[in-house]
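Participant: Provided below are the primary sequence and the corresponding predicted coordinates.
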Amino acid sequence: MKKLLSWLDNNILTILSFFLITFIPLYPKLPLFEAITGYIVRVRLEDIFVFVAFLIFLIQVIRKKATFKSIIFWPMVIYIIIGLLSSLSAIFITKTVPLDKIHIIKLFLHWVRRIEYFSIFFIFFNGIKNIREAKKILFLSLLVVLLVSIYGYGQKYLYWPVYSTMNREFSKGIRLYLTEHARVPSTFGGHYDLAAFLVIFLTTFAGIFLYLKKKILKLLFFSVFLAAYWLLILTASRTSFIAYLVAITVLLLIMSLKKGFKWGIPRWTLLLTFSLLIMIFFGDLSDRFAHILGMPEIKKKLKLDSLIRPIRPKPPNAINLTDDIALVMDVTDERPVADKPVTRGKELPPDVYEDIPDGYNEATESATISAELEATLAAELKPKPRTFSENAYKYGLSTAIRFDALWPWAIEGFKRNPLLGSGYSTLSKTSVGQFTEAESTDNDYLRTLGETGLLGFITFFGIIFITLRLSIEKIRIKTDPIIFAFLASYIAFTIGLLINALYIDVFVASKIAFTFWSLTGVLLALISNNFKAK
């Protein structure tokens, strides 16, 4: 028993690392309870497990069996301090957060979430002590990505349930089903998050199967790569696809510096040709690019749509991600598209497949009436027609929301206090006292500038820059082939995520943030331990 307890004491952070890298991506975003009443952010099992794991880490630090000492520890501390100063500035200087309990709690909830994302780094940094344990993390990730892909296929083809965080009501854990053109989220809260996750591991697995010589391992990683790539197509995420192409290019460039360009260029050409052909001829992703570039819809002409249709009938009385969204969407879940919306008869923007009404008439949204009168009026209600901006027709609704609302709001937040921003969770408000049920800018750079100003921007992305710089310095060190492939892949997928951050808040999406900082912990642990084999 003493030997078992001693072994557990010495390996508890390693065990927790293995558990978290498996559990966080696989467990759907099912809520335990509300963090704030009426708010979209809810506490989930992953939050509990990360909190417990971090407490265990702190105990090990006190016992001098773990450490905070890392090259990015102080940059993280500085960013957290700046986040605190930004929060205090929002309350007392810019006054973008009113002196009201619920607003202040929401502000500091987002500050604490940043600390939570950083905390997992230290668990992995201390838990992974050698190359063997790092390899186990990579093989566990292989299994996780395979299971995430299988579940995504089930959602697309077999009507397996979807748990989304698209809006406040969905985030309560409502069971949903995909419609024909809905994008696959798998175990993630949305398709953008899943796509960013796949950028990380598609790059990693590509690096491993391209670099390794063992045929069995090459086949294993290549097979899961193919499964994950098709799932990326099913997410129909343009930005993540571009990020993937950039990451693969950077990966092959790094490997070519070691293996030679005669080795790298043919493999890069083959991999990109394969990726582009699949994207163009299958799935909805080519159509989404066509909306921007004016390309013909080639796949429809070749009648290849049948390969992406469900093969099982839809369950009766199913709630869909698109069909019935108006039935559960509150008006506060929607964001304005433009100051001057336009309509074009019954024509819809290119990425809108169904004309879903824009809520209900205003008479019953604010009036206090009797239950009997409310029932009478409800029977006579007619849905309001939805209107769209000129940008929605030109670029698609997804891009228009960013151009017309989200990005200008973030810029305004930055202008209020260029050094410290306007504070966390303040960029979506149209008035100081408004309580927004969700926060999003869909651009991590603008969100960081808007919320925490130049100081927050420099310190947060400085952490990533320091890690990248150290990784590049260590890339020439002779080490295990799998670890070299992981090191090269880390540089590549981090650059891919930085591309992705132009269009989504990738570094504050919980499952992506946890995954990224976990793998950063693995990388810096290997570097700090000088790539120990045992």
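Facilitator: Nice, I can see it.
Participant: when you work out contacts or count neighbours from here on, use the C-alpha atoms and nothing else.
Facilitator: OK.
Participant: any weak-confidence spans in the chain?
Facilitator: Applying pLDDT under 70 to the chain flags residues 168, 283-398, 534.
Participant: secondary structure element holding the residue nearest in space to the middle of it?
Facilitator: The centre of the chain sits closest to Asp193, judged by CA atoms, centre = their mean, with a distance of 3.1 Å. Element membership for Asp193, per DSSP states H and E: helix 191-211.
Participant: which other helices and strands does that helix contact?
Facilitator: helix 131-157, helix 215-235, helix 238-259, helix 481-500, helix 510-528 (3 or more CA pairs under 8 Å, 6 or more residues apart in numbering; DSSP states H and E).
Participant: give me the buried positions along the first one.
Facilitator: Yep, that's helix 131-157 we're talking about. For helix 131-157, a neighbour-count test (16 or more other CA atoms under 10 Å) marks 131, 133-135, 137-138, 140-142, 144-157 as buried.
Participant: what about the strands in the chain?
Facilitator: For the chain, applying DSSP state E gives strands covering 31-34, 42-44.
Participant: so can I have a markdown table of those showing distance to Asn529 and mean neighbour count?
Facilitator: Output for the strands of the chain, formatted as a markdown table (distance: least, CA to CA, whole Å; neighbours: other CA atoms under 10 Å):
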| stretch | distance to Asn529 | mean neighbour count |
| --- | --- | --- |
| strand 31-34 | 38 | 15 |
| strand 42-44 | 33 | 18 |
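Participant: to Glu180, which of these lies closest?
Facilitator: Closest to Glu180 of the strands of the chain is strand 31-34 (CA to CA; 26.7 Å).
Participant: neighbouring strands - and their directions - for the closest one?
Facilitator: strand 42-44 (antiparallel) (DSSP bridges).
Participant: wait, doesn't the residue nearest to the centre of the chain sit right on Val506?
Facilitator: Yes. Counting by CA atoms under 8 Å, Asp193 touches Val506, with 7.2 Å between them.
Participant: which residues do those two both contact?
Facilitator: Residues touching both Asp193 and Val506 (CA atoms under 8 Å, 6 or more residues apart in numbering) are Ile512.
Participant: what about Ile265, distance to Leu272?
Facilitator: With distances taken as CA to CA, to the nearest Å, Ile265 is found 11 Å from Leu272.
Participant: just Ile216 next, same as before
Facilitator: 23 Å.
Participant: okay, the two: which has more neighbours?
Facilitator: Neighbours were counted for Ile216 and for Leu272 using other CA atoms under 10 Å; Leu272 has more, 15 against 11.
Participant: so what's the residue count around the closest residue to the more buried one other than its chain neighbours?
Facilitator: In space, and not counting its chain neighbours, Leu272 is closest to Leu245: 7.2 Å by CA to CA, 6 or more residues apart in numbering. Per other CA under 10 Å, the neighbour tally for Leu245 reads 20.
Participant: surely Leu245 and Thr273 touch.
Facilitator: No. Between Leu245 and Thr273 there is no contact under CA under 8 Å: 10.5 Å.
Participant: and Arg99, how many neighbours?
Facilitator: Let me fix one detail, which is that residue 99 is Leu and not Arg. 12.
Participant: for the nearest residue to it once chain neighbours are set aside, give me its contacts.
Facilitator: Distances taken as CA to CA, 6+ apart put Ile91 closest to Leu99, at 6.7 Å, once the chain neighbours are dropped. Residues near Ile91 by CA under 8 Å, 6+ apart: Val97, Pro98, Leu99, Ile104.
Participant: reformat the residues you listed as JSON lines; add distance to Ala513.
Facilitator: Below are these laid out as JSON lines (distance: CA to CA, whole Å):
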{"residue": "Val97", "distance to Ala513": "26"}
{"residue": "Pro98", "distance to Ala513": "29"}
{"residue": "Leu99", "distance to Ala513": "30"}
{"residue": "Ile104", "distance to Ala513": "24"}
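Participant: mind listing what Ile208 touches?
Facilitator: Lys218, Phe221, Ile482, Ala485, Phe486.
Participant: what's the answer for Phe125, then?
Facilitator: Phe125 is in contact with Ser518, Thr520, Gly521, Val522, Leu523, Leu524, Ala525, counting by CA under 8 Å, 6+ apart.
Participant: check Leu497 too.
Facilitator: Contact analysis of Leu497 by CA under 8 Å, 6+ apart lists Ala196, Val199, Ile200, Ala243, Val506.
Participant: again, but for Val506
Facilitator: Asp193, Ala196, Asp444, Leu497, Asn500, Ile512, Ala513.
Participant: tell me the most packed of these, by neighbour count.
Facilitator: That'd be Ala196 among the contacts of Val506, by other CA under 10 Å, with 30 neighbours.
Participant: how about that one: what's its closest non-neighbour residue?
Facilitator: Ser240 is the one closest to Ala196 (CA to CA, 6+ apart), at 5.8 Å.
Participant: I'd say Tyr177 and Leu158 touch.
Facilitator: No. Using CA under 8 Å, Tyr177 is not in contact with Leu158; the gap is 9.7 Å.
Participant: these two: which is more packed in?
Facilitator: The neighbour comparison of Tyr177 against Leu158 (other CA under 10 Å) goes to Tyr177, with 24 against 19.
Participant: send the alpha carbons of stretch 216-230 over as PDB?
Facilitator: Provided in PDB are the C-alpha atoms of stretch 216-230 (Å, rounded to 0.1, in the frame of the first residue of the first chain):
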ATOM      1  CA  ILE A 216       2.300   0.800 -38.800                       C
ATOM      2  CA  LEU A 217       2.600   4.200 -36.900                       C
ATOM      3  CA  LYS A 218       2.400   6.100 -40.200                       C
ATOM      4  CA  LEU A 219      -0.700   4.200 -41.200                       C
ATOM      5  CA  LEU A 220      -2.300   4.700 -37.800                       C
ATOM      6  CA  PHE A 221      -1.800   8.500 -37.700                       C
ATOM      7  CA  PHE A 222      -2.700   8.900 -41.400                       C
ATOM      8  CA  SER A 223      -6.000   7.000 -40.900                       C
ATOM      9  CA  VAL A 224      -7.000   9.300 -38.100                       C
ATOM     10  CA  PHE A 225      -5.800  12.300 -40.000                       C
ATOM     11  CA  LEU A 226      -8.200  11.400 -42.900                       C
ATOM     12  CA  ALA A 227     -11.100  10.900 -40.400                       C
ATOM     13  CA  ALA A 228     -10.400  14.300 -38.800                       C
ATOM     14  CA  TYR A 229      -9.900  16.000 -42.200                       C
ATOM     15  CA  TRP A 230     -13.400  15.000 -43.400                       C
END
